[in-house]
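Trainee: Build me a model:
(one chain, ligands or ions: 3)
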Amino acid sequence: MYKLFKCITLFILTSLLLTGCYKFSTPEQLIQKPKTNKEKELIKKSIEKFLPPGANLTIPLDCKEAGAINEVDIDGDNKNEIIAFYEEQEKSFEIGFIVLKKINNTWEMMDSIQGEGFDISYASFYDLNQDGKSEIIISWDYGDYTKIQSIYTMDQNKIKRVFNGKHIGIKIDDLNNDKKLDIFLFNYNSKKSIFTLSVYNYNVNKFKLIDKINISSNYEVKYSNIEIGKASKNKKGVFVDIPLKTHSAYTELIFLNNNKLEKAFKNSISKTYQIYPVGSNDIDNDGIIEIGVLTQPVGYEKEALVNIPWINTWYKWDEKKELSFVVENYYDYDEGYRFNLPKNWKGKFTLKECIVKNKKEVIFYSLEKNKKIGNKLLTIVYFNKSSWKDEERKLIEQNKEFIYLGENKNTVFIGFLNNNYINKNKRFFTTKEDIYINFKLLY
Ligand SMILES: [Ca+2]
Ligand SMILES: [Ca+2]
Ligand SMILES: [Ca+2]
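Mentor: Ligands and ions are numbered 1, 2, ... in the order given. This next block holds a predicted model:
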(Lines give C-alpha, C1' and ligand atoms only; values in the text may rest on other atoms or scores of the structure.)
(Ligands and ions follow the chains in the order given, each with its own letter.)
Protein backbone atom coordinates (compact mmCIF):
# COMPACT_ATOMS: atom_id res chain seq x y z
CA MET A 1 0.00 0.00 0.00
CA TYR A 2 2.85 2.31 0.87
CA LYS A 3 4.45 1.56 -2.46
CA LEU A 4 1.25 2.32 -4.29
CA PHE A 5 0.93 5.54 -2.35
CA LYS A 6 4.49 6.37 -3.21
CA CYS A 7 3.96 5.70 -6.88
CA ILE A 8 0.91 7.88 -6.98
CA THR A 9 2.56 10.66 -5.03
CA LEU A 10 5.68 10.35 -7.10
CA PHE A 11 3.60 10.73 -10.20
CA ILE A 12 1.88 13.77 -8.78
CA LEU A 13 5.20 15.03 -7.58
CA THR A 14 6.93 14.73 -10.91
CA SER A 15 4.07 16.55 -12.53
CA LEU A 16 4.08 19.14 -9.73
CA LEU A 17 7.83 19.31 -9.81
CA LEU A 18 7.78 22.03 -12.35
CA THR A 19 5.14 24.01 -10.50
CA GLY A 20 6.85 24.44 -7.19
CA CYS A 21 6.94 21.24 -5.12
CA TYR A 22 10.22 22.33 -3.60
CA LYS A 23 11.55 22.54 -0.08
CA PHE A 24 13.17 25.74 1.02
CA SER A 25 15.57 26.06 3.87
CA THR A 26 15.19 29.66 4.97
CA PRO A 27 12.31 32.15 4.83
CA GLU A 28 14.37 34.43 2.59
CA GLN A 29 14.50 31.75 0.00
CA LEU A 30 10.73 31.42 0.07
CA ILE A 31 10.47 34.78 -1.56
CA GLN A 32 13.05 34.15 -4.23
CA LYS A 33 11.72 34.50 -7.74
CA PRO A 34 9.96 31.43 -9.06
CA LYS A 35 12.09 29.44 -11.42
CA THR A 36 11.37 29.60 -15.09
CA ASN A 37 10.19 26.45 -16.79
CA LYS A 38 13.49 26.37 -18.63
CA GLU A 39 15.39 26.31 -15.33
CA LYS A 40 13.14 23.58 -13.92
CA GLU A 41 13.63 21.50 -17.01
CA LEU A 42 17.38 21.96 -16.66
CA ILE A 43 17.28 20.77 -13.02
CA LYS A 44 15.26 17.72 -13.99
CA LYS A 45 17.60 16.84 -16.84
CA SER A 46 20.68 17.36 -14.65
CA ILE A 47 19.33 15.06 -11.96
CA GLU A 48 18.56 12.37 -14.52
CA LYS A 49 22.11 12.66 -15.81
CA PHE A 50 23.66 11.98 -12.41
CA LEU A 51 21.34 9.28 -11.05
CA PRO A 52 22.97 5.83 -10.82
CA PRO A 53 22.07 3.54 -13.76
CA GLY A 54 18.50 2.22 -13.48
CA ALA A 55 17.65 4.45 -10.53
CA ASN A 56 14.46 6.45 -10.20
CA LEU A 57 13.55 9.39 -8.04
CA THR A 58 11.80 8.43 -4.81
CA ILE A 59 10.10 10.35 -2.04
CA PRO A 60 10.26 9.70 1.70
CA LEU A 61 7.27 7.67 2.98
CA ASP A 62 6.51 10.49 5.38
CA CYS A 63 6.58 13.22 2.78
CA LYS A 64 5.46 16.10 4.98
CA GLU A 65 8.92 17.62 5.21
CA ALA A 66 10.74 16.48 2.08
CA GLY A 67 9.99 15.54 -1.49
CA ALA A 68 11.97 13.67 -4.14
CA ILE A 69 13.75 16.84 -5.22
CA ASN A 70 14.61 19.40 -2.58
CA GLU A 71 16.21 22.81 -2.75
CA VAL A 72 18.30 23.48 0.32
CA ASP A 73 21.34 25.60 1.10
CA ILE A 74 23.68 23.02 2.55
CA ASP A 75 26.97 24.91 2.13
CA GLY A 76 25.92 28.27 3.52
CA ASP A 77 26.47 30.43 0.42
CA ASN A 78 22.82 31.57 0.42
CA LYS A 79 22.17 29.67 -2.79
CA ASN A 80 20.24 26.45 -2.81
CA GLU A 81 21.71 23.14 -3.74
CA ILE A 82 19.57 20.29 -5.04
CA ILE A 83 19.13 17.13 -3.00
CA ALA A 84 17.39 14.34 -4.87
CA PHE A 85 16.45 10.96 -3.39
CA TYR A 86 16.65 7.88 -5.56
CA GLU A 87 16.14 4.14 -5.47
CA GLU A 88 17.22 1.37 -7.78
CA GLN A 89 14.86 -1.59 -7.52
CA GLU A 90 15.96 -4.07 -10.12
CA LYS A 91 19.58 -5.06 -9.58
CA SER A 92 21.41 -3.46 -6.69
CA PHE A 93 18.35 -2.37 -4.61
CA GLU A 94 20.31 0.71 -3.82
CA ILE A 95 18.82 3.72 -2.10
CA GLY A 96 20.40 7.09 -1.55
CA PHE A 97 20.61 10.72 -2.54
CA ILE A 98 22.63 12.95 -4.82
CA VAL A 99 23.61 16.58 -4.25
CA LEU A 100 23.89 19.01 -7.14
CA LYS A 101 25.34 22.51 -7.09
CA LYS A 102 24.98 25.17 -9.71
CA ILE A 103 28.38 26.17 -11.07
CA ASN A 104 28.56 28.60 -14.02
CA ASN A 105 24.96 27.95 -14.97
CA THR A 106 25.26 24.19 -15.01
CA TRP A 107 24.23 21.79 -12.30
CA GLU A 108 27.20 19.70 -11.22
CA MET A 109 27.15 16.74 -8.88
CA MET A 110 28.86 17.60 -5.60
CA ASP A 111 28.50 14.25 -3.93
CA SER A 112 26.30 11.20 -3.72
CA ILE A 113 25.46 9.07 -0.71
CA GLN A 114 24.33 5.47 -0.71
CA GLY A 115 21.93 4.79 2.14
CA GLU A 116 20.86 1.72 4.08
CA GLY A 117 17.73 -0.39 4.08
CA PHE A 118 14.95 -0.42 1.50
CA ASP A 119 13.08 2.80 2.01
CA ILE A 120 13.45 6.35 3.22
CA SER A 121 10.80 6.66 5.90
CA TYR A 122 11.53 10.29 6.76
CA ALA A 123 13.74 13.14 5.60
CA SER A 124 14.07 16.78 6.55
CA PHE A 125 16.50 19.69 6.29
CA TYR A 126 17.27 21.91 9.24
CA ASP A 127 20.22 24.01 10.20
CA LEU A 128 20.63 22.20 13.49
CA ASN A 129 23.73 24.06 14.70
CA GLN A 130 22.89 27.50 13.30
CA ASP A 131 26.01 27.81 11.15
CA GLY A 132 24.08 28.76 8.03
CA LYS A 133 24.36 25.29 6.48
CA SER A 134 21.33 23.03 6.60
CA GLU A 135 21.85 19.49 7.75
CA ILE A 136 20.22 16.54 5.99
CA ILE A 137 18.26 14.30 8.34
CA ILE A 138 17.17 10.87 7.08
CA SER A 139 15.50 7.72 8.42
CA TRP A 140 16.71 4.72 6.45
CA ASP A 141 14.09 2.01 6.75
CA TYR A 142 14.60 -1.75 6.69
CA GLY A 143 10.90 -2.46 6.27
CA ASP A 144 10.23 -3.72 9.79
CA TYR A 145 10.54 -1.19 12.54
CA THR A 146 14.30 -1.07 12.44
CA LYS A 147 15.34 2.30 11.22
CA ILE A 148 18.72 3.93 10.96
CA GLN A 149 18.68 7.63 11.69
CA SER A 150 21.43 9.53 9.95
CA ILE A 151 22.38 13.18 9.91
CA TYR A 152 24.66 14.61 7.23
CA THR A 153 26.37 17.93 6.86
CA MET A 154 28.44 19.55 4.13
CA ASP A 155 32.11 19.77 4.94
CA GLN A 156 34.69 20.95 2.38
CA ASN A 157 32.43 20.16 -0.57
CA LYS A 158 31.76 16.64 0.65
CA ILE A 159 28.79 15.17 2.46
CA LYS A 160 29.86 13.97 5.87
CA ARG A 161 27.77 11.79 8.16
CA VAL A 162 27.80 13.37 11.62
CA PHE A 163 25.26 11.14 13.32
CA ASN A 164 24.18 7.55 12.87
CA GLY A 165 22.14 5.30 15.11
CA LYS A 166 19.38 2.73 15.36
CA HIS A 167 16.24 4.40 16.70
CA ILE A 168 12.59 3.85 15.88
CA GLY A 169 11.96 7.50 15.11
CA ILE A 170 13.36 11.01 14.84
CA LYS A 171 11.68 14.43 14.96
CA ILE A 172 13.09 17.92 14.84
CA ASP A 173 11.47 20.95 16.44
CA ASP A 174 12.25 23.83 18.75
CA LEU A 175 10.09 22.59 21.60
CA ASN A 176 10.88 25.23 24.22
CA ASN A 177 11.17 28.19 21.83
CA ASP A 178 14.80 28.93 22.77
CA LYS A 179 15.69 29.22 19.06
CA LYS A 180 17.74 26.02 19.27
CA LEU A 181 16.40 23.08 17.32
CA ASP A 182 15.79 20.01 19.44
CA ILE A 183 16.48 16.59 18.00
CA PHE A 184 14.13 13.95 19.41
CA LEU A 185 15.05 10.30 19.14
CA PHE A 186 12.70 7.48 20.05
CA ASN A 187 13.81 4.08 21.20
CA TYR A 188 12.10 0.93 22.32
CA ASN A 189 13.68 -1.69 24.54
CA SER A 190 11.63 -4.81 23.91
CA LYS A 191 13.23 -6.77 26.77
CA LYS A 192 12.25 -4.15 29.31
CA SER A 193 9.12 -2.89 27.50
CA ILE A 194 10.36 0.65 27.82
CA PHE A 195 9.90 3.35 25.25
CA THR A 196 12.44 6.16 25.61
CA LEU A 197 12.37 9.67 24.29
CA SER A 198 15.74 11.47 24.19
CA VAL A 199 16.38 15.06 23.21
CA TYR A 200 19.65 16.36 21.81
CA ASN A 201 21.03 19.69 20.66
CA TYR A 202 23.69 19.91 17.98
CA ASN A 203 26.35 22.47 18.90
CA VAL A 204 29.65 23.04 17.11
CA ASN A 205 29.54 19.64 15.46
CA LYS A 206 28.74 17.80 18.69
CA PHE A 207 25.48 16.19 19.73
CA LYS A 208 24.69 16.99 23.33
CA LEU A 209 22.14 14.96 25.24
CA ILE A 210 19.77 17.39 26.96
CA ASP A 211 17.52 14.89 28.69
CA LYS A 212 15.70 11.61 28.29
CA ILE A 213 12.50 10.18 29.68
CA ASN A 214 11.00 6.69 29.85
CA ILE A 215 7.45 6.05 28.80
CA SER A 216 5.88 2.86 30.06
CA SER A 217 4.35 0.38 27.74
CA ASN A 218 3.24 -3.17 28.42
CA TYR A 219 3.20 -4.10 24.79
CA GLU A 220 5.64 -4.29 21.95
CA VAL A 221 5.81 -0.85 20.39
CA LYS A 222 5.69 -1.77 16.75
CA TYR A 223 3.92 1.38 15.85
CA SER A 224 3.57 4.62 17.65
CA ASN A 225 2.26 7.88 16.44
CA ILE A 226 4.44 10.77 17.50
CA GLU A 227 3.35 14.33 16.88
CA ILE A 228 5.14 17.48 17.91
CA GLY A 229 2.90 20.50 17.99
CA LYS A 230 1.07 23.03 20.06
CA ALA A 231 -0.46 21.71 23.28
CA SER A 232 -1.83 25.16 24.04
CA LYS A 233 -1.59 28.57 22.43
CA ASN A 234 1.94 29.23 23.67
CA LYS A 235 3.39 25.85 24.52
CA LYS A 236 4.57 23.03 22.31
CA GLY A 237 4.61 19.41 23.38
CA VAL A 238 5.45 15.93 22.15
CA PHE A 239 2.35 13.74 21.82
CA VAL A 240 3.25 10.05 21.92
CA ASP A 241 0.46 7.56 21.26
CA ILE A 242 1.53 4.29 22.84
CA PRO A 243 -0.10 0.89 22.30
CA LEU A 244 -1.02 -1.21 25.33
CA LYS A 245 -1.78 -4.93 25.65
CA THR A 246 -4.67 -6.35 23.61
CA HIS A 247 -5.93 -3.51 21.43
CA SER A 248 -5.84 -0.44 23.62
CA ALA A 249 -3.56 2.58 23.79
CA TYR A 250 -2.88 5.82 25.60
CA THR A 251 -1.27 9.17 24.89
CA GLU A 252 1.65 10.66 26.76
CA LEU A 253 2.14 14.41 26.45
CA ILE A 254 5.68 15.60 27.15
CA PHE A 255 7.13 19.07 27.57
CA LEU A 256 10.67 20.40 27.71
CA ASN A 257 10.81 22.67 30.75
CA ASN A 258 14.20 24.13 31.75
CA ASN A 259 15.95 21.44 29.72
CA LYS A 260 14.02 18.68 31.51
CA LEU A 261 11.54 16.43 29.75
CA GLU A 262 8.37 16.33 31.85
CA LYS A 263 5.08 14.52 31.52
CA ALA A 264 1.97 16.70 31.44
CA PHE A 265 -0.13 14.30 33.52
CA LYS A 266 0.59 12.37 36.68
CA ASN A 267 -1.16 9.26 35.42
CA SER A 268 -1.46 9.46 31.68
CA ILE A 269 -2.77 5.93 31.26
CA SER A 270 -5.87 6.55 33.34
CA LYS A 271 -6.36 10.03 31.88
CA THR A 272 -5.94 9.20 28.21
CA TYR A 273 -6.80 5.48 28.10
CA GLN A 274 -8.24 4.46 24.72
CA ILE A 275 -9.92 1.08 24.49
CA TYR A 276 -9.03 1.23 20.80
CA PRO A 277 -6.36 3.68 19.70
CA VAL A 278 -7.67 7.14 18.86
CA GLY A 279 -4.53 9.17 19.41
CA SER A 280 -3.72 12.82 19.03
CA ASN A 281 -4.79 15.09 16.25
CA ASP A 282 -5.86 18.69 15.69
CA ILE A 283 -9.51 17.70 15.43
CA ASP A 284 -10.99 21.22 15.34
CA ASN A 285 -8.33 22.85 13.13
CA ASP A 286 -7.39 25.50 15.69
CA GLY A 287 -3.67 24.69 15.44
CA ILE A 288 -3.62 22.97 18.84
CA ILE A 289 -3.39 19.19 19.11
CA GLU A 290 -6.20 17.35 20.91
CA ILE A 291 -6.12 13.90 22.53
CA GLY A 292 -8.95 11.54 21.67
CA VAL A 293 -10.47 8.80 23.84
CA LEU A 294 -13.49 6.55 23.31
CA THR A 295 -16.71 6.95 25.24
CA GLN A 296 -19.17 4.09 25.54
CA PRO A 297 -22.72 5.32 24.95
CA VAL A 298 -25.42 4.42 27.51
CA GLY A 299 -27.26 1.18 26.70
CA TYR A 300 -24.27 -0.85 25.54
CA GLU A 301 -23.03 -2.01 28.94
CA LYS A 302 -23.48 -5.68 28.10
CA GLU A 303 -22.52 -5.47 24.46
CA ALA A 304 -19.31 -6.97 22.99
CA LEU A 305 -16.70 -4.25 22.52
CA VAL A 306 -16.70 -4.58 18.74
CA ASN A 307 -20.46 -3.98 18.54
CA ILE A 308 -20.45 -0.72 20.46
CA PRO A 309 -20.90 2.52 18.47
CA TRP A 310 -18.05 4.26 20.28
CA ILE A 311 -18.05 8.02 20.48
CA ASN A 312 -14.69 9.76 20.02
CA THR A 313 -14.28 12.34 22.76
CA TRP A 314 -11.51 14.92 22.32
CA TYR A 315 -9.74 16.92 24.99
CA LYS A 316 -6.98 19.48 25.12
CA TRP A 317 -4.39 20.10 27.76
CA ASP A 318 -5.79 22.69 30.19
CA GLU A 319 -2.33 24.31 30.78
CA LYS A 320 -2.24 22.77 34.24
CA LYS A 321 -2.39 19.04 34.94
CA GLU A 322 -5.76 18.19 33.47
CA LEU A 323 -7.65 17.83 30.22
CA SER A 324 -10.54 19.99 29.11
CA PHE A 325 -13.35 18.85 26.83
CA VAL A 326 -13.31 20.01 23.19
CA VAL A 327 -15.71 18.00 21.06
CA GLU A 328 -17.29 14.57 20.59
CA ASN A 329 -17.79 12.82 17.29
CA TYR A 330 -19.62 9.88 15.83
CA TYR A 331 -17.85 8.16 12.95
CA ASP A 332 -19.23 5.96 10.21
CA TYR A 333 -16.04 4.61 8.67
CA ASP A 334 -17.89 2.49 6.09
CA GLU A 335 -19.72 5.47 4.62
CA GLY A 336 -16.85 7.83 5.36
CA TYR A 337 -18.27 10.60 7.46
CA ARG A 338 -17.86 12.20 10.84
CA PHE A 339 -20.55 13.96 12.82
CA ASN A 340 -19.61 16.35 15.61
CA LEU A 341 -22.20 16.22 18.37
CA PRO A 342 -23.51 19.58 19.63
CA LYS A 343 -21.27 20.40 22.60
CA ASN A 344 -24.20 20.90 24.98
CA TRP A 345 -25.30 17.29 24.39
CA LYS A 346 -22.21 15.90 26.17
CA GLY A 347 -23.22 13.23 28.69
CA LYS A 348 -26.90 13.76 27.82
CA PHE A 349 -27.41 11.54 24.79
CA THR A 350 -27.04 8.02 23.50
CA LEU A 351 -27.48 6.53 20.05
CA LYS A 352 -28.65 3.54 18.06
CA GLU A 353 -27.63 2.37 14.63
CA CYS A 354 -30.45 0.54 12.85
CA ILE A 355 -31.82 -0.54 9.49
CA VAL A 356 -35.35 0.64 8.73
CA LYS A 357 -36.93 -0.42 5.42
CA ASN A 358 -33.47 -1.19 3.98
CA LYS A 359 -32.23 2.24 4.96
CA LYS A 360 -29.54 2.74 7.56
CA GLU A 361 -30.39 5.20 10.31
CA VAL A 362 -28.38 6.58 13.18
CA ILE A 363 -30.66 7.88 15.89
CA PHE A 364 -29.48 10.10 18.72
CA TYR A 365 -31.71 9.98 21.84
CA SER A 366 -31.89 12.22 24.89
CA LEU A 367 -30.97 10.79 28.25
CA GLU A 368 -33.49 11.67 30.92
CA LYS A 369 -33.46 11.16 34.70
CA ASN A 370 -31.29 8.24 35.87
CA LYS A 371 -29.82 7.92 32.37
CA LYS A 372 -33.11 6.60 31.03
CA ILE A 373 -33.25 6.69 27.23
CA GLY A 374 -35.76 9.38 26.25
CA ASN A 375 -36.73 11.13 23.03
CA LYS A 376 -35.29 11.20 19.56
CA LEU A 377 -33.10 14.26 19.09
CA LEU A 378 -31.68 13.72 15.65
CA THR A 379 -31.88 10.98 13.04
CA ILE A 380 -29.35 10.66 10.26
CA VAL A 381 -30.95 8.68 7.42
CA TYR A 382 -28.99 7.14 4.53
CA PHE A 383 -30.83 7.31 1.18
CA ASN A 384 -29.74 5.46 -1.88
CA LYS A 385 -28.66 8.08 -4.37
CA SER A 386 -30.81 6.66 -7.17
CA SER A 387 -33.99 6.93 -5.08
CA TRP A 388 -33.21 10.23 -3.36
CA LYS A 389 -35.00 12.52 -5.86
CA ASP A 390 -38.28 10.60 -5.34
CA GLU A 391 -37.80 10.54 -1.60
CA GLU A 392 -37.05 14.26 -1.57
CA ARG A 393 -40.25 14.98 -3.49
CA LYS A 394 -42.24 12.91 -0.97
CA LEU A 395 -40.71 14.74 1.97
CA ILE A 396 -41.55 18.10 0.42
CA GLU A 397 -45.13 16.95 -0.31
CA GLN A 398 -45.50 15.81 3.28
CA ASN A 399 -44.12 19.13 4.48
CA LYS A 400 -41.46 17.28 6.42
CA GLU A 401 -38.51 19.35 7.54
CA PHE A 402 -35.14 17.82 6.75
CA ILE A 403 -31.48 18.83 6.66
CA TYR A 404 -29.42 17.88 3.63
CA LEU A 405 -26.06 16.88 5.17
CA GLY A 406 -24.06 15.69 2.19
CA GLU A 407 -23.56 12.82 -0.19
CA ASN A 408 -20.90 10.39 -1.35
CA LYS A 409 -20.79 8.13 -4.39
CA ASN A 410 -23.85 6.03 -3.46
CA THR A 411 -25.54 7.62 -0.49
CA VAL A 412 -27.31 10.86 0.38
CA PHE A 413 -27.28 11.74 4.08
CA ILE A 414 -30.30 13.53 5.51
CA GLY A 415 -30.85 14.74 9.05
CA PHE A 416 -34.20 14.98 10.84
CA LEU A 417 -34.08 17.18 13.92
CA ASN A 418 -36.77 16.77 16.57
CA ASN A 419 -37.58 20.48 16.91
CA ASN A 420 -40.66 19.87 19.10
CA TYR A 421 -38.65 18.21 21.79
CA ILE A 422 -35.53 20.39 21.46
CA ASN A 423 -37.56 23.61 21.69
CA LYS A 424 -39.21 22.37 24.89
CA ASN A 425 -35.91 21.19 26.39
CA LYS A 426 -33.53 24.08 25.99
CA ARG A 427 -30.64 22.05 27.37
CA PHE A 428 -30.52 20.31 23.96
CA PHE A 429 -30.72 23.53 21.98
CA THR A 430 -29.13 23.34 18.55
CA THR A 431 -29.94 24.60 15.06
CA LYS A 432 -30.27 23.06 11.61
CA GLU A 433 -27.26 25.12 10.52
CA ASP A 434 -25.13 23.69 13.34
CA ILE A 435 -26.12 20.13 12.44
CA TYR A 436 -25.23 20.81 8.81
CA ILE A 437 -21.85 22.32 9.73
CA ASN A 438 -21.08 19.44 12.13
CA PHE A 439 -21.41 16.80 9.42
CA LYS A 440 -18.17 16.16 7.52
CA LEU A 441 -17.48 13.72 4.73
CA LEU A 442 -14.03 12.23 5.21
CA TYR A 443 -13.22 11.58 1.57
CA1 LIG B 1 24.37 26.74 -1.05
CA1 LIG C 1 24.28 23.46 10.10
CA1 LIG D 1 -7.18 21.67 17.85
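
Trainee: use CA for all of it now, contacts and neighbours both
Mentor: OK.

Trainee: Could you pull out the helices in the chain for me?
Mentor: For the chain, applying DSSP state H gives helices covering 2-16, 27-30, 37-50, 268-272, 385-397, 419-424, 432-438.

Trainee: Next to ligand 1, which bits of this protein? Give me the list.
Mentor: By Cα under 5 Å from the ion, the part of the chain that sits against ligand 1 consists of Asp73, Asp75, Asp77, Lys79, Asn80.

Trainee: Looking at these, which one is closest to ligand 2?
Mentor: Asp75 (8.5 Å; Cα to the ion).

Trainee: Now the stretch 251-400 of the chain against ligand 2: closest residue?
Mentor: Asn259 (21.4 Å).

Trainee: Give me the distance between that residue and Lys400.
Mentor: Between Asn259 and Lys400 the distance, using Cα to Cα, to the nearest Å, works out to 62 Å.

Trainee: Thr246 now?
Mentor: Distance of Thr246 to Lys400, computed by Cα to Cα: 47 Å.

Trainee: Ok, Ser270 next?
Mentor: 46 Å.

Trainee: mind giving me the domain split of the chain?
Mentor: Domain ranges of the chain: 37-167, 169-335, 350-441, per the TED database.

Trainee: Against ligand 3 - does the second one have any residue that ends up touching it?
Mentor: Yes - applying Cα under 5 Å from the ion, one finds domain 169-335 touching ligand 3 at Asp282, Asp284, Asn285, Asp286, Ile288, Ile289.

Trainee: what is the mean pLDDT for that domain?
Mentor: For domain 169-335, mean pLDDT rounds to 93.

Trainee: same question, the last one
Mentor: This predicted structure assigns domain 350-441 an average pLDDT of 96.

Trainee: now that domain: how far from the chain's centre is it?
Mentor: Put simply, domain 350-441 sits 31 Å off its chain's centre (Cα atoms, centre = their mean, to the nearest Å).

Trainee: Kindly check the end-to-end length of it for me.
Mentor: Using Cα to Cα, the end-to-end distance of domain 350-441 comes to 22 Å.

Trainee: repeat for the first one
Mentor: Using Cα to Cα, one end of domain 37-167 lies 41 Å from the other.

Trainee: How about the second one?
Mentor: By Cα to Cα, the extent of domain 169-335 from end to end equals 33 Å.

Trainee: ok so, going back, make CSV from the residues of the chain next to ligand 1 and add pLDDT to it.
Mentor: Formatted as CSV, the residues of the chain next to ligand 1 follow (pLDDT from 0 to 100):
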residue, pLDDT
Asp73, 97
Asp75, 96
Asp77, 96
Lys79, 95
Asn80, 96
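
Trainee: I'd like to know how many residues surround the residue nearest to the residue of the stretch 251-400 of the chain closest to ligand 2 when sequence neighbours are not counted.
Mentor: Nearest non-adjacent residue to Asn259, counting by Cα to Cα, 6 or more residues apart in numbering: Ile210, 6.2 Å away. When neighbours are counted by other Cα atoms under 10 Å, Ile210 registers 16.

Trainee: Check Asn164 too.
Mentor: Neighbour count of Asn164, defined by other Cα under 10 Å: 13.

Trainee: now Gly165: how far from ligand 3?
Mentor: 34 Å (Cα to the ion, to the nearest Å).

Trainee: scratch that, Asn340
Mentor: Per Cα to the ion, Asn340 is found 14 Å from ligand 3.

Trainee: just to revisit the earlier point, need the winner for burial among the helices of the chain.
Mentor: Per-stretch averages of neighbours, counted by mean count of other Cα atoms under 10 Å, single out helix 268-272 among the helices of the chain, with a mean of 17.
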